[in-house]
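Peer 1: Build the 3D model from these lines:
(one chain, ligands or ions: 1)
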Amino acid sequence: MSANATDKNSASRLRLAVLGSGNGSNMQAILEAISNGSLAAEITCVISDVADAGILARAKAASIPQHYISAEPFRTKLDGEAEKQYLNVLNDYDTELIVLAGFMRIIKAGMLRAFQHRIINIHPSLLPAFPGLHAWRQALDYGTKITGCTVHFVDEGTDTGPIIIQRHVPVLDDDTIESLHARIQQQEHIAYPEALRLISENKLRVKNRRVLINNS
Ligand code: GAR
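Peer 2: Numbering: from 1, shown residues only. Prediction:
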């Protein structure tokens, strides 16, 4: 392979920054898609608002730069000084797309403006059903027979942005919170890399609320 071809390959890889507060299994699924060649992207950094989050340990194990940045004094949003610190790090890595993977805070106007249409999220329900926290528990409590996961662009609402991909799972009679969440996560690990592939290949067009996929 010529030097030019190598440069071109690295230049065409989408630069992702992953933000998460939890275990990091979605980040891991994205990493696997990158290493098996199905996703032309690069996770340039992982940022967490939780010092001992599993996602930071997974990033470290994969030699990806990790940053713990407290988002205090806020409990449920990323705003103020903390938002500025996040933006500084995101800019340091020339981030092209912010990938929220279990990041349990609401993104506010400053970051939305800085990364307009360039923030995506995964949510463990078939939106618009069950936005917010513990969506799998909401589905069980409500008694739906089907739930799933949604990958969507982030806007100023809570889990309201245009939908890119959804995958469904059945809710079984003997499901517990844990078994249902595990079944949803299996689908998340397919949906997130697939949504990222579509973005990296420039296959999405957003028309009002609809995300149109050009699969030709
Ligand atoms: C995922 O199930 C994701 O859908 C959910 O957090 C989990 C993170 O898992 N996100 C939300 O509920 C956001 N409202 P992970 O850390 O193993 O990827």
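Peer 1: Return the backbone torsion pair for the nearest residue to residue 205 once chain neighbours are set aside.
Peer 2: Leaving aside its chain neighbours, residue 205 sits nearest to residue 212 (4.7 Å; criterion: C-beta to C-beta, 6 or more residues apart in numbering). All C-beta spots, glycine's among them, are computed from the backbone N, C-alpha and C. Dihedral pair for residue 212: phi -100, psi 140, per degrees, to the nearest 10.
Peer 1: Quick one: name the residues of this structure near the ligand.
Peer 2: Applying C-beta under 6 Å from any ligand atom, we find that the chain lies next to the ligand at 20, 22-26, 55, 101-102, 122-124, 135, 185, 188.
Peer 1: and with 8 Å instead?
Peer 2: Within the chain, the residues that sit near the ligand (C-beta under 8 Å from any ligand atom) are 20-29, 53-55, 100-104, 121-124, 131-136, 149, 159, 181, 184-185, 188.
Peer 1: Narrow those to those that are buried.
Peer 2: 20-29, 53-55, 100-103, 121-124, 135-136, 149, 159, 181, 184-185, 188 (16 or more other C-beta atoms under 10 Å).
Peer 1: Look at the closest residue to the ligand within the chain and report its pLDDT.
Peer 2: The ligand sits closest to residue 102 of the chain, with a gap of 2.6 Å, by C-beta to the nearest ligand atom. The model reports residue 102 with a pLDDT of 96.
Peer 1: hmm, back to that, so of the residues of the chain next to the ligand, which ones are in helices?
Peer 2: Applying DSSP state H to the residues of the chain next to the ligand, the entries found in helices are 25-29, 54-55, 135-136, 181, 184-185, 188.
Peer 1: For residue 203, see how far away the residue nearest to residue 108 when sequence neighbours are not counted is.
Peer 2: Once flanking residues are discounted, residue 108 sits nearest to residue 79: 4.7 Å by C-beta to C-beta, 6+ apart. Using C-beta to C-beta, to the nearest Å, residue 79 is found at 33 Å from residue 203.
Peer 1: more crowded one of the two?
Peer 2: Higher neighbour count among residue 79 and residue 203: residue 79, with 18 against 13, using other C-beta atoms under 10 Å.
Peer 1: what's whichever helix or strand residue 140 is part of packed up against?
Peer 2: Using DSSP states H and E, residue 140 falls within helix 135-142. Contact here means 3 or more C-beta pairs under 8 Å, 6 or more residues apart in numbering; DSSP states H and E; on that basis helix 135-142 packs against strand 146-153, helix 177-200.
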